[in-house]
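>>> quick one: sequence plus predicted model below, questions after.
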Amino acid sequence: MKILFLGNLNSVFLSEFAKRLQSHDYTIHAFDPISFRFTDFNLKVTRQFSKPPGILNRIPKIGYAIKILLLRRRLNQYRNYDICHIHYNLKIYSYLVKTIQNISSFLVVTVYGSDFYKRSHRDKQIQEKIYQAADRITCSNERTVEDFLDYYQKGLSQKTSIRRYGLRVLDLLDELKSESKNDSKKILNIPINPIIVTCGTNSYRYQNHEKMIEMMRTVYSKYGKDVLFIFPLTYGEEKQKKEIGHLLENEDFPVRFFTKHMSFKDVARLRRVSDILINILETDQMSGAMLEHLHAGSIVITGSWLPYDILYEKGAFLCKIDSVQALDQKVMDVIANMDEYKDRIKINMSIVNEIARWDKNLKGWLELYNESEFL
């Protein structure tokens with residue numbers, strides 16, 4: 001079976017998913033509509049095509065129309081796929097419905113979260129065109145499915161289902177059990193003694209870094225250098241990386257930044273040495289990085305507004321706050337009662353194993369893809 005992904009080629013989910021499918025004799029190609037890059041995962045070949053010039057952003061309406069034309073021209077090059085799978089629903093796809101339908105006879109659209117929750121009513125109405133054209137729609141959790149179907153209410157329920165990605169880092173965490181946490185810290189050049197508070201998982205603005213930095217001032221005033229704050233910024237927005245640096249340049253906080261590419265094994269090490277993870281995204285479906293932290297034994301502080309119902313229903317323990325304003329007090333409470341919290345999170349590993357292993361999730365995707373043969 002031959003599949004074309006439309007999505008961000010920098011996505012860990014995309015590349016790992018492709019590798020898993022390849023082991024089941026799928027041929028996987030991917031095109032990134034933002035960077036205009038094409039990848040043949042089987043041949044490990046990537047081609048860069050001329051992308052729309054940046055000047056088009058200065059002339060919104062005309063520029064957007066030109067982008068549609070350029071993208072249509074590129075997508076018209078792709079034919080005879082068994083499946084086209086959209087990862088993250090960009091609004092521009094709705095202006096290219098017929099072009100996308102010509103790629104294959106079976107269209108899958110995966111809603112990542114912000115491509116639904118962060119869209120205006122007008123944009124959602126435009127996006128509905130691609131949902132109506134899709135043969136299958138997937139989300140990663142129950143609440144997003146409910147919110148999605150409550151909004152559209154136009155017969156999408158029969159083709160909307162829950163499908164999750166697996167997490168490769170979970171396997172690596174198992175492999176690292178023989179390595180002490182202190183050894184992991186040495187490899188990452190992290191000091192042994194401080195409590196490690198990891199602030200978010202990337203450099204996208206929706207992580208609420210500014211609020212984390214406000215929290216750091218309060219926590220530092222009480223605990224000083226007994227706490228080390230880590231910012232994983234290996235992917236995301238370059239502008240936000242600079243903004244974080246600017247906000248911290250006159251502060252005395254003990255801070256470490258990870259900005260360069262990390263191997264999966266070093267990512268696993270960072271998860272396991274983190275005592276606390278702050279995960280206060282504006283919106284999310286189910287953060288893979290957060291699940292990895294839960295599996296590794298981090299105490300996760302997260303927003304009650306995030307749709308992690310499946311975790312709570314299965315008995316997982318996360319420290320919920322109702323607003324970002326409550327963050328600093330919650331962090332200090334966790335630090336003051338670390339042993340108690342560490343005891344309460346012991347249940348999390350088995351729950352994450354149940355919902356986030358590739359061997360449990362890939363089967364659902366294979367079943368969904370196989371439905372294409374019966375349409």
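Thanks, I have it. Computed from a predicted structure; not experimentally measured. Numbering: from 1, shown residues only.
>>> give me the neighbour count for Tyr204.
16 (other C-beta atoms under 10 Å). All C-beta atoms are positioned from the backbone trio N, CA, C, and that covers glycine.
>>> excluding chain neighbours, what is closest to it?
Gly236 (4.4 Å; C-beta to C-beta, 6 or more residues apart in numbering).
>>> what residues are up against that neighbour?
If a contact means C-beta atoms under 8 Å, 6 or more residues apart in numbering, then Gly236 has 202-204, 207 as its contacts.
>>> pLDDT and secondary structure added to the residues you listed, as TSV?
Shown next, in TSV, are these (pLDDT from 0 to 100; DSSP: H, G, I helix; E, B strand; the rest coil):
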residue	pLDDT	secondary structure
Asn202	92	coil
Ser203	91	coil
Tyr204	88	coil
Gln207	92	helix
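>>> ok, these vs Lys118, which is closest?
Using C-beta to C-beta, Tyr204 comes nearest to Lys118 of these, at 11.4 Å.
>>> what's the spacing between that closest one and Glu243?
Between Tyr204 and Glu243 the computed distance is 12 Å (C-beta to C-beta, to the nearest Å).
>>> now do the contacts for Ser11.
Listed by C-beta under 8 Å, 6+ apart, the contact partners of Ser11 are His87.
>>> so how far is Tyr235 from it?
Taking C-beta to C-beta, one finds Ser11 at 9 Å from Tyr235.
>>> just Ile280 next, same as before
Counting by C-beta to C-beta, the gap from Ile280 to Tyr235 is 19 Å.
>>> related to what we said a few turns ago, if you rank the contacts of Gly236 by neighbours, which is first?
Gln207 (25 neighbours).
>>> correct me, but it touches Leu281?
Yes: between Gln207 and Leu281 there is a contact under C-beta atoms under 8 Å: 6.2 Å.
>>> need the max-distance pair from the contacts of Gly236.
Top of the distance list for the contacts of Gly236 (C-beta to C-beta): Ser203 and Gln207, 7.5 Å.
>>> buried stuff in the helix or strand hosting Lys330?
Assigned by DSSP states H and E, Lys330 belongs to helix 327-336. In terms of neighbour count (16 or more other C-beta atoms under 10 Å), helix 327-336 has its buried residues at 327-328, 330-332, 334-335.
>>> pLDDT (mean, whole number) over it?
For helix 327-336, the mean per-residue pLDDT is 96.
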